[in-house]
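A.B. asks: build me a model:
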Amino acid sequence: ALGIIRKFYEKNKKIKIFVDETRPFLQGARLTAWELYKLKIPYTLIIDNSAGFLMKKGEISSVIVGADRIAKNGDTANKIGTYSLAVLANFHNIPFFVAAPSSTFDLSIEKGEKIPIEIRPPKEILTCYKSKISPSKAKAYNIAFDITPNELISAIITERGIIYPPYEKNIPKIIKTS
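C.D. replies: Numbering: from 1, shown residues only. Take a look at the predicted model:
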């Protein structure tokens with residue numbers, strides 16, 4: 001996703017980039033923000049749950065996310081919270097794009113419901129940087145990924161081209177099996 005943001009920024013320096021913190025390991029705050037900083041691309045870090053508010057205020061005009069795996073029908077697995085962003089973008093009529101290398105596609109998986117979802121250890125969300133942030137008897141359900149259904153995705157951007165709906169028809173045109 002950052003390659004696309006970099007290219008777009010080079011063409012139009014008027015863009016404003018919001019970076020979700022990405023709980024529980026703060027990958028957005030630690031990694032995405034660092035990469036944008038190194039590229040000298042201005043950004044604003046936001047808490048994960050503020051995206052809907054910013055969309056409602058009209059401060060977000062499009063959403064670009066990465067992907068860990070994309071099924072044959074275009075359903076996309078990515079970091080937990082991606083599905084929520086897609087639902088919010090859809091509600092606010094904001095285009096929602098997935099940017100991923102062609103190696104992310106798994107054409108042996110027909111639909112997203114067949115993509116295995118990792119459940120991580122509860123302690124990862126009961127602590128933050130080894131400090132306890134919840135009562136000692138608290139339980140946690142740490143889902144690492146979610147599935148965004150293809151109907152919420154405006155387009156999938158790859159190094160081989162942009163794929164538009166209907167994904168079942170158009171993914172095989174760009175993503176060839178070897």
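
A.B. asks: C-alpha from now on. contacts and neighbour counts both.
C.D. replies: Will do.

A.B. asks: tell me the contacts of the most centrally placed residue in the chain?
C.D. replies: Geometric centre of the chain, nearest residue: residue 65, 3.3 Å, by C-alpha atoms, centre = their mean. Residues near residue 65 by C-alpha atoms under 8 Å, 6 or more residues apart in numbering: 1, 82, 96, 97, 98, 99.

A.B. asks: 7 Å - rerun?
C.D. replies: By C-alpha atoms under 7 Å, 6 or more residues apart in numbering, residue 65 lies in contact with 1, 97, 98, 99.

A.B. asks: for this protein, what spans make up the helices?
C.D. replies: Secondary structure of the chain (DSSP state H): helices located at 2-11, 27, 33-38, 51-56, 82-91, 123-126, 167-174.

A.B. asks: how about the ones you listed in JSON lines, adding mean pLDDT, distance to residue 17 and mean neighbour count?
C.D. replies: Below are those laid out as JSON lines (pLDDT from 0 to 100; distance: least, C-alpha to C-alpha, whole Å; neighbours: other C-alpha atoms under 10 Å):
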{"stretch": "helix 2-11", "mean pLDDT": "88", "distance to residue 17": "9", "mean neighbour count": "13"}
{"stretch": "helix 27", "mean pLDDT": "90", "distance to residue 17": "16", "mean neighbour count": "16"}
{"stretch": "helix 33-38", "mean pLDDT": "96", "distance to residue 17": "10", "mean neighbour count": "14"}
{"stretch": "helix 51-56", "mean pLDDT": "98", "distance to residue 17": "12", "mean neighbour count": "16"}
{"stretch": "helix 82-91", "mean pLDDT": "98", "distance to residue 17": "15", "mean neighbour count": "20"}
{"stretch": "helix 123-126", "mean pLDDT": "91", "distance to residue 17": "27", "mean neighbour count": "18"}
{"stretch": "helix 167-174", "mean pLDDT": "96", "distance to residue 17": "27", "mean neighbour count": "16"}
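
A.B. asks: if you skip the residues just before and after it, what's nearest to residue 15?
C.D. replies: residue 9 (6.7 Å; C-alpha to C-alpha, 6 or more residues apart in numbering).

A.B. asks: one step back: want to throw the helices of the chain into CSV with distance to residue 76?
C.D. replies: Below are those laid out as CSV (distance: least, C-alpha to C-alpha, whole Å):
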stretch, distance to residue 76
helix 2-11, 18
helix 27, 19
helix 33-38, 23
helix 51-56, 20
helix 82-91, 9
helix 123-126, 24
helix 167-174, 11
